[in-house]
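J.: starting from these lines, generate the structure:
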Amino acid sequence: MYRDIVSVAKSVYRLSMALPSVRLVFLLGYISGHMSKIIADSIGFDGSNLRVRMSNDLLAGVALYAVTTANYLDLRRRGFDVSALRYEDLVARPLDMCRVVLGFCHLPASLAELAVRALDVDSQRNSVLAKSVLRRFKEPQLTPQTKTKLNELLHKYNMSLSGEPNIIDGTLSCS
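T.: Numbers count the residues shown, from 1 in each chain. Predicted structure coming up:
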């Protein structure tokens with residue numbers, strides 16, 4: 001599942017405010033791209049793709065988006081049968097999109113209404129990642145300077161620039 005790039009970045013930022021270890025990644029990543037690589041390597045990721053100085057509060061989320069999306073697209077290019085689901089489509093048409101996902105997974109469409117009801121439940125309730133906790137953190141603003149930095153990183157990964165339509169190859173659709 002993927003969503004609007006800036007929304008991802010803001011969400012990752014709020015997550016970093018609730019998890020001290022992730023916040024540390026943001027702070028140390030601000031020092032240098034080498035620090036970002038070391039941190040990513042230490043938690044099991046290939047840090048070479050994340051060697052980016054996290055010079056603003058949205059850059060880490062965009063870097064995470066760019067790397068995971070690039071990996072997904074690489075899997076598709078190599079012939080793996082994987083598809084994507086766009087969060088905005090799921091929110092706009094939950095019943096229809098749940099039917100599409102269930103069909104893709106070869107599961108009965110009769111489960112779609114149950115799936116839609118499950119979407120209304122905060123799966124992280126009673127944790128530090130509950131929606132009620134994360135909503136308390138103010139989102140960073142997307143300034144023109146920040147947007148320029150984000151677009152530079154996205155361009156490096158051949159991704160759509162922020163503000164442009166963001167539909168990646170292999171996205172499931174109900175239309």
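
J.: and Ser132, its phi and psi?
T.: Phi and psi for Ser132, reported as degrees, to the nearest 10, are phi -60, psi -30.

J.: what pLDDT does it get?
T.: With respect to pLDDT, Ser132 scores 91.

J.: list the contacts for it?
T.: The contact partners of Ser132, by C-beta atoms under 8 Å, 6 or more residues apart in numbering, come to Asp122, Arg125. C-beta: built from backbone N, CA, C; applies to glycine.

J.: likewise Tyr30?
T.: By C-beta under 8 Å, 6+ apart, the contact list for Tyr30 reads Arg53, Met54, Ser55.

J.: same question, Lys149
T.: By C-beta under 8 Å, 6+ apart, the contact list for Lys149 reads Ser55, Asn56, Leu59.

J.: any idea how far Asp89 is from Cys174?
T.: Applying C-beta to C-beta, to the nearest Å, the value for Asp89 to Cys174 is 7 Å.

J.: same question for Pro20.
T.: For Pro20 relative to Cys174 (C-beta to C-beta), the value is 40 Å.

J.: if we can go back for a sec, make a ChimeraX selection of the buried ones in the contacts of Lys149.
T.: Selection of buried members from the contacts of Lys149 for ChimeraX, criterion 16 or more other C-beta atoms under 10 Å:
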select :56,59
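
J.: nearest to Ile43, of the contacts of Lys149?
T.: Taking C-beta to C-beta as the measure, Leu59 is the one of those closest to Ile43, at 17.7 Å.
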